[in-house]
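S.K.: model this:
(chains A and B)
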Amino acid sequence: DAGVIQSPRHEVTEMGQEVTLRCKPISGHNSLFWYRQTMMRGLELLIYFNNNVPIDDSGMPEDRFSAKMPNASFSTLKIQPSEPRDSAVYFCASTGDRWNTEAFFGQGTRLTVV
Amino acid sequence: AQSVTQLGSHVSVSEGALVLLRCNYSSSVPPYLFWYVQYPNQGLQLLLKYTSAATLVKGINGFEAEFKKSETSFHLTKPSAHMSDAAEYFCAVSDLRDDKIIFGKGTRLHILP
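M.R.: Next comes the predicted model:
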């Protein structure tokens, strides 16, 4: 398996534009997590899915953020409209069907909003 | 809710010296604990995990961690630091109630020649 795949690796966009980040989890994994990493806040859990269903989205910062998982092999994180303070590295991770298995991380998407 | 506190956002050790990175957790149920490492411009990789078996856990690259329930700690150690150990290290906690994995703020390890 190629691991967790995120795209794009880098995104530069202007304030007010819509941004969509994409994630393909490892085949067979049934939990998917979106994290945001910044110098100030460290690694924050935004939302996680189990069997394609959002379980906890309490970490989503504002209504401008939304996430979907239409099927077991694809998830998106959307920011609309984007703001400069959204600049961060966004990671996607997936785990298998046991809660104590490790989380496998993608390489991340570095988002810069100017 | 579970949480993790990592003491020291930056730690510097000399090459060949002992590495000690501190992690304390908070959880109302038996926790499951992890250490991850992040190299520049990369995602996180698992170093080791504690899942209620042996309290001393050995991981990759010579790292190990000991679960101490009385101290609610899961400190990461390595007897002799190598230049290649320079990275950011994250402690994380999960538990039986849900699948969430919560991370500490990370400790950046610097290795001095």
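
S.K.: At the contact with chain A, which residues of chain B appear?
M.R.: Residues of chain B lying near chain A by CB under 8 Å from any CB of the partner chain: B:32, B:34, B:41-46, B:49, B:51, B:90, B:92, B:94-96, B:98-106. Every C-beta, even on glycine, is put in place using the N, C-alpha and C of the backbone.

S.K.: One more pass at 10 Å, please.
M.R.: Listed as neighbours of chain A in chain B under the rule CB under 10 Å from any CB of the partner chain: B:1, B:6, B:9, B:32-34, B:36, B:38, B:41-52, B:88, B:90, B:92, B:94-106.

S.K.: Counting neighbours, which of the residues you listed end up buried?
M.R.: Those of the residues of chain B next to chain A that meet the buried threshold are B:6, B:32-34, B:36, B:38, B:43-44, B:46-51, B:88, B:90, B:92, B:94-95, B:99-106, by 16 or more other CB atoms under 10 Å in any protein chain shown.

S.K.: Please list the members of the residues of chain B next to chain A that lie in strands.
M.R.: Judged by DSSP state E, those include B:6, B:32-34, B:36, B:38, B:44-50, B:88, B:90, B:92, B:94-95, B:98-103 as members of strands.

S.K.: Low-confidence stretches in chain A?
M.R.: Residues of chain A that meet the criterion pLDDT under 70 lie in A:1, A:97-101.

S.K.: likewise chain B?
M.R.: Within chain B, the set of residues satisfying pLDDT under 70 comprises B:96-99.

S.K.: Tell me the buried residues in stretch B:17-30?
M.R.: Within stretch B:17-30, the residues that qualify as buried by neighbour count (16+ other CB under 10 Å) are B:19, B:21, B:22, B:23, B:24, B:25, B:27.

S.K.: could I get these as CSV with secondary structure?
M.R.: Supplementary listing: these in CSV, determined by DSSP: H, G, I helix; E, B strand; the rest coil:
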residue, secondary structure
B:19, strand
B:21, strand
B:22, strand
B:23, strand
B:24, strand
B:25, strand
B:27, coil
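
S.K.: Quickly list what the residue sitting nearest the centre point of chain B is bridged to.
M.R.: Using CA atoms, centre = their mean, the residue of chain B that lies closest to the mean C-alpha position is residue B:35, 3.6 Å off. On the basis of DSSP bridges, residue B:35 is bridged to residue B:48, residue B:91.
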